[in-house]
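# Sequence first, then the predicted structure, then my questions.
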Amino acid sequence: MQALEEKTSSQQKRNRLVIICSKGSLDMAYPPLMLATTAAAMGMEVHLYFTFWGMNMITKKTIESLKISPVGNPALPMPNILGMLPGMSSMVTSMMMKKMQKMNMPTIKEMIATAKEGGVKFHACSPSMNMMGLKEDDLIPEVDDIIGATTYLDLASEDAITLFV
Amino acid sequence: MQALEEKTSSQQKRNRLVIICSKGSLDMAYPPLMLATTAAAMGMEVHLYFTFWGMNMITKKTIESLKISPVGNPALPMPNILGMLPGMSSMVTSMMMKKMQKMNMPTIKEMIATAKEGGVKFHACSPSMNMMGLKEDDLIPEVDDIIGATTYLDLASEDAITLFV
Amino acid sequence: MQALEEKTSSQQKRNRLVIICSKGSLDMAYPPLMLATTAAAMGMEVHLYFTFWGMNMITKKTIESLKISPVGNPALPMPNILGMLPGMSSMVTSMMMKKMQKMNMPTIKEMIATAKEGGVKFHACSPSMNMMGLKEDDLIPEVDDIIGATTYLDLASEDAITLFV
């Protein structure tokens, strides 16, 4: 009986997802938000910790202008030199956004709203705000609080699925 | 006795590795495959979930032409402007591939075959396939199934080592 | 009573942080070091595993010349073409480093020293050293050992918070 209970205990499912969002490009903004909304819909407790370039995802001034970088992503079917022309990043971005609209994929702003409704917690990284000269008022209202690495580690240490995007 | 058993239980090793592969460049294709084959050889249960640019690693048309990006990686010893010349990405890639051949490092295709033999599971991300207009037939035969974020989270929540590459 | 003890056991906090450092740019060198020093200060056992471009963080020749890449990071407020001009990466880097100095942010070298004093373990990836032609003597003295993926997986499987940067 004891053995059985041990087994059950060790097979207990983790019910928390904690993702560090460190990128400021459109293509790396989608994965954490998609995982977050899905996890929240499954009843998991979800925390997103925004740091470095990831601050762009929760800053009023930048949230609607995230871009895909055609340069440095050799997965995109174009020679690097093209990615260099001014405006090229915007062109690739608008091509992908049209494709996403056709698929009825929500925008980052819409995904953040859905995540928030689902109970996902939004945490801004305090040192990143200093480094980028951001004030609380610069952040979108969905942000729950401004925390440091200690609080992040507390959240992550309680048997969570942890990812760094 | 109870205390001892608790201790043993809490020290139980995790025996599952679940990696999200989101990058389409050669340099970021190696790390997840190397970890996967090593973990499988150690007897772990291994799952790779391919999403976004990572789809290039499991798509027939792209698997043998993954490139290293010389641009945007300041770790490479060359001024960024050089990385911009058409064909430069291919040149850096072929330089690195020659080095890898000298070391007898397997190609991505060979590593995928080895991983598959070792029991590693290959999962394609269903929304990424829609976004990129890929059909099941476009994928390499090593892919086990096409799943969504819910199934990924199920796999990750069962006490797995989780990574986002 | 048994039930209560099980519950306590399953709520036990994880006390280990294991981060894979795979990037060679200044902006992606800070996050793992900041998390590592904070976790060490909280009494956690911390391991950093350096691989691929991350080797630049622990190589004598490169540790003081890590650069931010202005290209391929659409979060930076400049058209991509500017990022291409030789010397531009250095200019953006020196701008950010001045900002960091104003904030009294330590350099990478200083952060590594602090982490080391705090007990953080530094592991160099053995296959990466071969691939990059590095010898033990090329590494900074803070490196504890040269290990492979098997040892990394052993460290990660003992109930650690795991991240891939």
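Yep, that arrived. Numbers count the residues shown, from 1 in each chain, chains lettered A, B, ... in the order given.
# For the closest residue to residue A:38 other than its chain neighbours, which residues are in contact?
In space, not counting the residues next to it along the chain, residue A:38 is nearest to residue B:149; the distance is 3.9 Å by C-beta to C-beta, 6 or more residues apart in numbering or on different chains. C-betas here are computed from N, CA, C, even on glycine. In this structure, residue B:149 makes contact with A:34-35, A:38-39, B:125, B:127, judged by C-beta atoms under 8 Å, 6 or more residues apart in numbering or on different chains.
# So which of those residues are in helices?
Secondary structure from DSSP state H places A:34-35, A:38-39, B:127 of those in helices.
# Which member of those residues is positioned nearest chain C?
For chain C, the nearest member of those is residue A:35. The distance, counting by C-beta to the nearest C-beta, is 14.8 Å.
# ok so, going back, of the ones in helices among the contacts of residue B:149, select the buried ones using a PyMOL command.
Selection of the buried residues among the ones in helices among the contacts of residue B:149 in PyMOL, burial being defined by 16 or more other C-beta atoms under 10 Å in any protein chain shown:
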select buried, chain A and resi 34+35+38+39
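# Low-confidence bits of chain A, can you list those?
Residues of chain A meeting the criterion pLDDT under 70: A:1-11, A:69-96.
# how about the helices of chain A, start to end?
Counting by DSSP H, the segments of chain A that form helices are A:2-11, A:26-41, A:80-84, A:88-102, A:108-117, A:126-132, A:149-157.
# Quick test: name the residue nearest the centre of chain A.
Computing the C-alpha centroid of chain A and ranking residues by C-alpha atoms, centre = their mean puts residue A:32 first, at 3.9 Å.
# Which parts of stretch A:142-150 count as buried, going by neighbours?
Those would be A:142-143, A:146-147, A:149, for stretch A:142-150 by 16+ other C-beta under 10 Å.
# which residues sit in contact with residue A:97?
With C-beta under 8 Å, 6+ apart as the criterion, the residues that contact residue A:97 are residue A:26.
# With residue A:104 instead?
In this structure, residue A:104 makes contact with no residue, judged by C-beta under 8 Å, 6+ apart.
# State the distance from it to residue C:125.
Going from residue A:104 to residue C:125 by C-beta to C-beta, to the nearest Å gives 43 Å.
# And for residue A:154?
Remark: distance between residue A:154 and residue C:125 (C-beta to C-beta) = 29 Å.
# So between these two, which is more surrounded?
In this comparison of residue A:154 against residue C:125, neighbours counted by other C-beta atoms under 10 Å in any protein chain shown, the higher total goes to residue C:125 at 27 against 13.
# so what's that one closest to, chain neighbours aside?
Of all residues not flanking residue C:125 in the chain, residue C:51 sits nearest, at 3.8 Å (C-beta to C-beta, 6+ apart).
# can you give me phi and psi for that neighbour?
Note on residue C:51: its backbone torsions stand at phi -150, psi 160 [degrees, to the nearest 10].
# looking at it, it is touching residue C:19, isn't it?
No - the pair formed by residue C:51 and residue C:19 falls short of the contact definition of C-beta atoms under 8 Å, at 10.8 Å.
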